[in-house]
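>>> Model the structure of this input:
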Amino acid sequence: MSKSRMTPKSIRTRQRILDAALRLFIEKGYEKATMRQIAVQADLAPGSIYHHFPTKEHIVQSFYDVIHEEHAQACVTILLSESKLEHRLRAILRKKIQLAEPFKKVSGVLFRVASDPKNPLSPFSTQSSPTRDKSLALFRELVSGSSAKLPEDVRVILADYLWLYQMGIILYWIHDTSENSQKTFRLIDRSVKLIQSLVEYSSLPLIAPFRKKFTKLMLEFLPGRGTG
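Numbering: from 1, shown residues only. You can find the predicted model right below:
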(Lines give C-alpha, C1' and ligand atoms only; values in the text may rest on other atoms or scores of the structure.)
Protein backbone atom coordinates (compact mmCIF):
# COMPACT_ATOMS: atom_id res chain seq x y z
CA MET A 1 0.00 0.00 0.00
CA SER A 2 1.36 3.43 -0.95
CA LYS A 3 1.85 6.01 1.75
CA SER A 4 -0.80 8.26 0.17
CA ARG A 5 -3.45 5.54 0.66
CA MET A 6 -2.61 4.77 4.29
CA THR A 7 -5.01 5.76 7.03
CA PRO A 8 -3.68 7.83 9.95
CA LYS A 9 -4.06 4.76 12.16
CA SER A 10 -1.98 2.65 9.76
CA ILE A 11 0.74 5.31 9.65
CA ARG A 12 0.89 5.42 13.45
CA THR A 13 1.04 1.63 13.65
CA ARG A 14 3.89 1.44 11.15
CA GLN A 15 5.79 4.02 13.17
CA ARG A 16 5.28 1.98 16.36
CA ILE A 17 6.60 -1.09 14.59
CA LEU A 18 9.59 0.80 13.26
CA ASP A 19 10.42 2.28 16.67
CA ALA A 20 10.07 -1.13 18.33
CA ALA A 21 12.26 -2.79 15.71
CA LEU A 22 15.04 -0.24 16.08
CA ARG A 23 15.04 -0.71 19.87
CA LEU A 24 15.25 -4.50 19.50
CA PHE A 25 17.99 -4.31 16.86
CA ILE A 26 20.11 -2.35 19.35
CA GLU A 27 19.27 -4.71 22.23
CA LYS A 28 19.51 -8.08 20.46
CA GLY A 29 21.16 -7.41 17.12
CA TYR A 30 19.43 -7.54 13.75
CA GLU A 31 19.77 -11.28 13.22
CA LYS A 32 18.43 -12.31 16.65
CA ALA A 33 15.44 -9.96 16.72
CA THR A 34 12.34 -11.72 15.43
CA MET A 35 9.17 -10.39 13.87
CA ARG A 36 7.19 -11.84 16.79
CA GLN A 37 9.38 -9.99 19.30
CA ILE A 38 8.99 -6.77 17.32
CA ALA A 39 5.19 -7.18 17.32
CA VAL A 40 5.12 -7.74 21.08
CA GLN A 41 7.40 -4.75 21.65
CA ALA A 42 5.02 -2.65 19.52
CA ASP A 43 2.04 -3.96 21.52
CA LEU A 44 0.52 -5.74 18.52
CA ALA A 45 -0.82 -9.23 17.96
CA PRO A 46 2.10 -11.22 16.45
CA GLY A 47 0.27 -11.98 13.22
CA SER A 48 -0.86 -8.42 12.59
CA ILE A 49 2.65 -7.09 12.00
CA TYR A 50 2.74 -8.83 8.61
CA HIS A 51 -0.07 -6.60 7.36
CA HIS A 52 2.40 -3.72 7.56
CA PHE A 53 5.81 -5.30 6.95
CA PRO A 54 6.28 -8.77 5.39
CA THR A 55 9.83 -9.14 6.78
CA LYS A 56 12.47 -7.45 8.93
CA GLU A 57 14.14 -6.42 5.69
CA HIS A 58 11.07 -4.39 4.76
CA ILE A 59 11.18 -2.66 8.16
CA VAL A 60 14.81 -1.62 7.62
CA GLN A 61 14.15 -0.48 4.06
CA SER A 62 11.33 1.65 5.45
CA PHE A 63 13.80 3.11 7.97
CA TYR A 64 16.21 3.95 5.14
CA ASP A 65 13.39 5.63 3.24
CA VAL A 66 12.17 7.65 6.23
CA ILE A 67 15.67 8.97 6.89
CA HIS A 68 16.13 9.85 3.22
CA GLU A 69 12.80 11.66 2.96
CA GLU A 70 13.56 13.72 6.05
CA HIS A 71 16.98 14.60 4.63
CA ALA A 72 15.58 15.44 1.19
CA GLN A 73 13.01 17.80 2.69
CA ALA A 74 15.70 19.52 4.77
CA CYS A 75 17.85 19.95 1.65
CA VAL A 76 15.21 21.89 -0.30
CA THR A 77 16.14 25.13 1.46
CA ILE A 78 19.85 24.40 1.07
CA LEU A 79 19.57 23.90 -2.69
CA LEU A 80 17.49 27.05 -3.07
CA SER A 81 19.80 29.25 -1.01
CA GLU A 82 23.25 28.00 -2.05
CA SER A 83 24.73 27.95 -5.54
CA LYS A 84 28.41 27.14 -5.01
CA LEU A 85 29.11 23.41 -5.20
CA GLU A 86 31.28 23.47 -2.07
CA HIS A 87 28.61 25.16 0.03
CA ARG A 88 25.80 22.92 -1.26
CA LEU A 89 27.80 19.75 -0.64
CA ARG A 90 28.99 20.76 2.82
CA ALA A 91 25.51 21.75 3.99
CA ILE A 92 23.88 18.60 2.62
CA LEU A 93 26.43 16.28 4.22
CA ARG A 94 26.31 18.06 7.56
CA LYS A 95 22.52 17.89 7.54
CA LYS A 96 22.68 14.15 6.78
CA ILE A 97 24.82 13.50 9.85
CA GLN A 98 22.77 15.80 12.07
CA LEU A 99 19.56 13.95 11.18
CA ALA A 100 21.19 10.53 11.54
CA GLU A 101 22.83 11.26 14.91
CA PRO A 102 19.87 10.02 17.04
CA PHE A 103 20.11 6.68 15.20
CA LYS A 104 23.86 6.17 15.54
CA LYS A 105 23.64 3.01 17.67
CA VAL A 106 21.20 1.24 15.39
CA SER A 107 23.15 2.42 12.33
CA GLY A 108 26.18 0.56 13.67
CA VAL A 109 24.09 -2.57 14.16
CA LEU A 110 22.64 -2.39 10.66
CA PHE A 111 26.03 -1.64 9.10
CA ARG A 112 27.33 -5.01 10.24
CA VAL A 113 24.54 -6.61 8.23
CA ALA A 114 24.56 -4.21 5.28
CA SER A 115 28.34 -4.51 4.77
CA ASP A 116 27.74 -7.96 3.26
CA PRO A 117 27.39 -7.22 -0.49
CA LYS A 118 25.03 -10.20 -0.87
CA ASN A 119 22.65 -8.97 1.84
CA PRO A 120 19.45 -7.23 0.66
CA LEU A 121 20.16 -4.45 3.16
CA SER A 122 23.36 -3.49 1.36
CA PRO A 123 23.03 0.05 -0.03
CA PHE A 124 24.07 -1.40 -3.41
CA SER A 125 21.45 -4.18 -3.49
CA THR A 126 18.49 -4.38 -5.83
CA GLN A 127 16.17 -4.17 -2.81
CA SER A 128 17.76 -0.88 -1.74
CA SER A 129 17.48 0.66 -5.20
CA PRO A 130 14.35 2.80 -4.58
CA THR A 131 15.99 4.77 -1.76
CA ARG A 132 19.40 4.70 -3.46
CA ASP A 133 17.93 6.14 -6.67
CA LYS A 134 16.24 8.96 -4.76
CA SER A 135 19.47 9.76 -2.96
CA LEU A 136 21.40 9.78 -6.24
CA ALA A 137 18.78 12.13 -7.68
CA LEU A 138 19.46 14.54 -4.82
CA PHE A 139 23.18 14.58 -5.64
CA ARG A 140 22.45 15.09 -9.34
CA GLU A 141 20.34 18.09 -8.42
CA LEU A 142 23.18 19.28 -6.18
CA VAL A 143 25.58 19.20 -9.15
CA SER A 144 23.27 20.38 -11.94
CA GLY A 145 21.94 23.33 -9.96
CA SER A 146 25.34 24.52 -8.80
CA SER A 147 27.35 27.34 -10.33
CA ALA A 148 30.29 25.01 -11.03
CA LYS A 149 31.56 25.07 -14.61
CA LEU A 150 32.23 21.41 -15.26
CA PRO A 151 33.71 19.63 -18.25
CA GLU A 152 31.12 17.21 -19.61
CA ASP A 153 33.14 14.10 -18.72
CA VAL A 154 33.32 15.29 -15.09
CA ARG A 155 29.63 16.18 -14.99
CA VAL A 156 28.71 12.64 -16.09
CA ILE A 157 30.29 10.99 -13.06
CA LEU A 158 30.46 13.65 -10.36
CA ALA A 159 27.05 13.19 -8.72
CA ASP A 160 27.47 9.41 -8.50
CA TYR A 161 30.89 9.71 -6.91
CA LEU A 162 29.70 12.38 -4.50
CA TRP A 163 27.04 9.89 -3.38
CA LEU A 164 29.78 7.31 -2.82
CA TYR A 165 31.75 9.96 -0.93
CA GLN A 166 28.71 10.45 1.31
CA MET A 167 28.68 6.69 1.97
CA GLY A 168 32.32 6.95 3.08
CA ILE A 169 31.45 9.83 5.40
CA ILE A 170 28.62 7.78 6.93
CA LEU A 171 30.97 4.84 7.46
CA TYR A 172 33.45 7.12 9.22
CA TRP A 173 30.63 8.60 11.34
CA ILE A 174 29.48 5.14 12.46
CA HIS A 175 32.95 4.52 13.91
CA ASP A 176 33.49 8.09 15.17
CA THR A 177 33.61 8.12 18.99
CA SER A 178 34.27 11.85 19.35
CA GLU A 179 31.75 13.94 21.28
CA ASN A 180 28.72 14.73 19.12
CA SER A 181 30.62 13.27 16.15
CA GLN A 182 32.70 16.44 15.86
CA LYS A 183 35.51 14.65 14.01
CA THR A 184 33.04 13.68 11.30
CA PHE A 185 31.97 17.28 10.86
CA ARG A 186 35.61 18.38 10.62
CA LEU A 187 36.24 15.67 8.04
CA ILE A 188 33.30 16.95 5.99
CA ASP A 189 34.50 20.56 6.14
CA ARG A 190 38.07 19.76 5.13
CA SER A 191 37.36 17.15 2.48
CA VAL A 192 34.68 19.26 0.80
CA LYS A 193 37.25 22.02 0.31
CA LEU A 194 39.54 19.52 -1.43
CA ILE A 195 36.71 18.37 -3.68
CA GLN A 196 35.95 21.97 -4.64
CA SER A 197 39.61 22.49 -5.55
CA LEU A 198 39.69 19.34 -7.68
CA VAL A 199 36.53 20.44 -9.48
CA GLU A 200 38.07 23.82 -10.23
CA TYR A 201 41.33 22.27 -11.46
CA SER A 202 39.42 19.88 -13.73
CA SER A 203 38.69 22.72 -16.16
CA LEU A 204 42.35 23.63 -16.68
CA PRO A 205 43.40 22.94 -20.30
CA LEU A 206 46.79 21.54 -19.28
CA ILE A 207 45.28 18.63 -17.35
CA ALA A 208 42.55 17.80 -19.89
CA PRO A 209 44.32 14.68 -21.30
CA PHE A 210 44.89 13.24 -17.81
CA ARG A 211 41.37 14.22 -16.72
CA LYS A 212 39.76 12.43 -19.65
CA LYS A 213 41.70 9.23 -18.92
CA PHE A 214 40.82 9.49 -15.25
CA THR A 215 37.09 10.08 -15.78
CA LYS A 216 36.94 7.25 -18.31
CA LEU A 217 38.45 4.93 -15.70
CA MET A 218 36.09 6.18 -13.00
CA LEU A 219 33.09 5.70 -15.28
CA GLU A 220 34.11 2.13 -16.07
CA PHE A 221 34.31 1.16 -12.40
CA LEU A 222 31.30 3.12 -11.18
CA PRO A 223 29.00 0.64 -9.35
CA GLY A 224 26.17 -0.35 -11.65
CA ARG A 225 27.78 1.31 -14.67
CA GLY A 226 30.79 -0.89 -15.30
CA THR A 227 31.30 -3.23 -18.23
CA GLY A 228 31.30 -6.32 -15.97
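
>>> Where does the prediction get shaky in the protein?
1-5, 224-228 (pLDDT under 70).

>>> if you count residues, which helix in it comes out on top?
Using DSSP state H to assign secondary structure, the helix with the most residues in the chain is helix 56-81.

>>> Following the chain onward from that helix, which element is next?
helix 85-100 (DSSP states H and E).

>>> and this protein, what are its domains?
Domain assignment for the chain by automatic domain parsing gives 1-54, 56-220.

>>> Span of the last one from start to end?
Read it as domain 56-220. Criterion CA to CA, to the nearest Å; first-to-last residue distance in domain 56-220 is 34 Å.

>>> most distant residue from the middle of the chain?
Distance from the C-alpha centroid of the chain peaks at Leu206, with 35.5 Å (CA atoms, centre = their mean).

>>> who touches that one in this structure?
Leu206 makes no contacts at all, as judged by CB atoms under 8 Å, 6 or more residues apart in numbering. Heads up, the C-betas are built off the backbone N, CA and C, glycines and all.

>>> What are the buried residues along stretch 63-81?
By neighbour count, with 16 or more other CB atoms under 10 Å as the criterion, the buried positions of stretch 63-81 are Phe63, Tyr64, Ile67, His68, His71, Ala72, Cys75, Ile78, Leu79.

>>> From what I see, Tyr64 and Ser128 are in contact.
Yes. Taking contact to mean CB atoms under 8 Å, the distance of 6.8 Å between Tyr64 and Ser128 places them in contact.

>>> how about the helices in this structure?
With DSSP H, the ranges of helices along the chain come out as 8-28, 35-41, 56-81, 85-100, 104-114, 129-144, 152-175, 182-201, 208-220.

>>> What residues sit buried inside the fourth one?
Which is helix 85-100. Buried residues in helix 85-100 (16+ other CB under 10 Å): 85-97, 100.

>>> How about the shortest one?
Of the residues in helix 35-41, those buried by neighbour count under the rule 16+ other CB under 10 Å are Met35, Gln37, Ile38, Ala39, Gln41.

>>> Please name every helix or strand in contact with that helix.
Using 3 or more CB pairs under 8 Å, 6 or more residues apart in numbering; DSSP states H and E as the contact criterion, the neighbours of helix 35-41 among helices and strands are helix 8-28, helix 56-81.

>>> so the last one versus helix 8-28, what angle?
It refers to helix 56-81. Compare the direction of helix 56-81 with that of helix 8-28 by axes from the mean of the first three to the mean of the last three CA atoms, to 10 degrees and you get 110 degrees.

>>> and Ile17, how many neighbours does it have?
When neighbours are counted by other CB atoms under 10 Å, Ile17 registers 23.

>>> what's near enough to touch it?
Contacts for Ile17 were tallied using CB under 8 Å, 6+ apart; they are Ile38, Ala39, Ala42, Leu44, Ile49, His52, Phe53, Ile59.

>>> Farthest-apart pair in the residues you listed, please.
Comparing all pairs in those by CB to CB, the longest separation belongs to Leu44 and Ile59, at 12.8 Å.

>>> about what we covered before: out of the helices of the chain, flag the one nearest Pro120.
Using CB to CB as the criterion, the shortest distance between Pro120 and these is 5.2 Å, found for helix 56-81.

>>> Which elements pack onto the closest one?
helix 8-28, helix 35-41, helix 85-100, helix 129-144.

>>> Good, wrapping up.
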